[in-house]
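Peer 1: Here is a sequence with its predicted model. Questions after.
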Amino acid sequence: MSGAQKALMGAMLAAFYTVLISCADAITKLIAGGYAAPQLYAISGFLVVMMCLGANRFSGAKVSGLLTVCPRAMGLRSVATVLAALSFFYAFKLLPFADVFLFIGLMPVMAGLMSGLILGEKVRPGAWIALMACFTGVLCLFPEGIHAMQWGHAFAFAATCFGTFSIVLARYIGRWESNALAQVFYPNLAILVSMAVVLPLVWKPMPIADLGWVAAYAAILFGARWLLVVALRLLAAYAVTPMMNLQFVWMVLLGAVFFGEVPGAETYLGVAIVIGSGLFLIWDQFVPATEDIKAQPAVSPRR
């Protein structure tokens, strides 16, 4: 595919990812009201790991089909994914659903910074302007100022940091790793193992309906994370993350329908700025005269 075709495909996959991940976030908020984080993540982590093993076997691959050529980077990504999941759980538990989007909107700025340090991706001056405009839009979403921050906001900010780091590492691994399933398998295996350790301390009996929600969460999360890994192979990390701002649309709808939460007018103003900045970053990928990713030396990622 040409550069423009890759950018278009990456943008479409990232947009569909936002639909799936918003549904998963809504289930997280629903479950967070009655259960501890390890209970949700241990069960869902187990289900996603089983899905990965099933998909690997269905494809005809052996156990080697889940091996990775970037063990160190995969380990870091797995740890970041666990920390991001825990942080998002408590952010959704303590904040209104759409308010968490305020921090998700920071992800393009963080991705731009991390991409330069980790991936060596050059961001054009115009794109940096768009990234800063995105940050301005996020400030519009928080009119009361920094002094009004609570623990929920701290968890949301931590989730954004760890989540962005995980996303940038996914793109780094994707330079050498063609198996997207491995990038779904190992982070969820890390979630399963870490949460299973403390699960006996927080376990509460779950009715069939709640188990069904957790199973749905696992299935949606499996599909969403696989799509994200593929999108990150086609589109620069700082351009994929602005697409996640589409989550606000789905979060407003889900928040209104299921949680009775309606954001204020200043929220919509900030979102307009944020989404506009994201669209500019996507357009920037279509400019043939620019190369956002430097040529990488053919060295082993194990070093």
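Peer 2: Structure's in. What do you need?
Peer 1: Do I have it right that residue 169 meets residue 75?
Peer 2: No: counting by CB atoms under 8 Å, residue 169 does not reach residue 75; the two are 9.7 Å apart. For every residue, glycine as well, the C-beta is placed using N, CA and C.
Peer 1: Name the residue in these two with the higher neighbour count.
Peer 2: Neighbour totals were compared for residue 169 and residue 75, and residue 169 leads with 27 against 15 (other CB atoms under 10 Å).
Peer 1: what's near enough to touch that one?
Peer 2: Counting by CB atoms under 8 Å, 6 or more residues apart in numbering, residue 169 touches 73, 76, 77, 80, 118.
Peer 1: check which helix or strand covers the residue nearest to the second one when sequence neighbours are not counted.
Peer 2: In this case it means residue 76. Using CB to CB, 6 or more residues apart in numbering and skipping the chain neighbours, the partner closest in space to residue 76 is residue 169 (5.9 Å). Following DSSP states H and E, one finds residue 169 within helix 151-174.
Peer 1: Can you give me the buried ones in that helix?
Peer 2: For helix 151-174, the neighbour count (16 or more other CB atoms under 10 Å) marks 152-153, 155-174 as buried.
Peer 1: By neighbour count, which of the contacts of residue 169 wins?
Peer 2: residue 77 (24 neighbours).
Peer 1: Can you tell me how far residue 249 is from residue 109?
Peer 2: When distance is defined by CB to CB, to the nearest Å, residue 249 is 20 Å away from residue 109.
Peer 1: Tell me which of the two has more neighbours.
Peer 2: Neighbours per residue, other CB under 10 Å: of residue 249 and residue 109, the larger number sits with residue 109, 21 against 15.
Peer 1: Could you check the angle the helix or strand harbouring the more buried one makes with helix 151-174?
Peer 2: Following DSSP H and E, one finds residue 109 within helix 107-114. On the basis of axes from the mean of the first three to the mean of the last three CA atoms, to 10 degrees, helix 107-114 is oriented at 50 degrees to helix 151-174.
Peer 1: buried sites along whatever helix or strand comes next after helix 107-114?
Peer 2: Moving toward the C-terminus from helix 107-114, the next helix or strand (DSSP H and E) is helix 125-140. For helix 125-140, the buried set under the neighbour-count rule, 16+ other CB under 10 Å, comprises 127, 130, 131, 133, 134, 135, 137, 138, 140.
Peer 1: In a markdown table, list those along with pLDDT and distance to residue 218.
Peer 2: Below are those laid out as a markdown table (pLDDT from 0 to 100; distance: CB to CB, whole Å):
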| residue | pLDDT | distance to residue 218 |
| --- | --- | --- |
| 127 | 67 | 36 |
| 130 | 73 | 35 |
| 131 | 72 | 33 |
| 133 | 81 | 37 |
| 134 | 73 | 31 |
| 135 | 75 | 34 |
| 137 | 75 | 33 |
| 138 | 70 | 30 |
| 140 | 74 | 35 |
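Peer 1: Show me which pair in the residues you listed is furthest apart.
Peer 2: Spanning the widest gap among the buried residues of helix 125-140 are 127 and 140, at 20.4 Å by CB to CB.
Peer 1: Beyond the longest helix seen in the chain, next helix or strand please.
Peer 2: If you go by DSSP state H, the chain has its longest helix at helix 3-32. Reading on from helix 3-32 to the C-terminus, the next helix or strand found by DSSP H and E is helix 37-58.
Peer 1: Now find how far off-centre that next one is within its chain.
Peer 2: Chain-centre distance of helix 37-58: 17 Å, with CA atoms, centre = their mean, to the nearest Å.
Peer 1: got the contact list for that helix?
Peer 2: With contacts defined as CB under 8 Å, 6+ apart, helix 37-58 is touched by 28, 31-32, 63, 65-66, 85-86, 89-90, 181, 184-185, 188-189, 191-192, 195-196, 198-199, 201-204, 206, 211, 214-215, 217-219, 221-222.
Peer 1: Helices - which of those land there?
Peer 2: The helices, defined by DSSP H, take in 28, 31-32, 85-86, 89-90, 181, 184-185, 188-189, 191-192, 195-196, 198-199, 201-202, 211, 214-215, 217-219, 221-222 from these.
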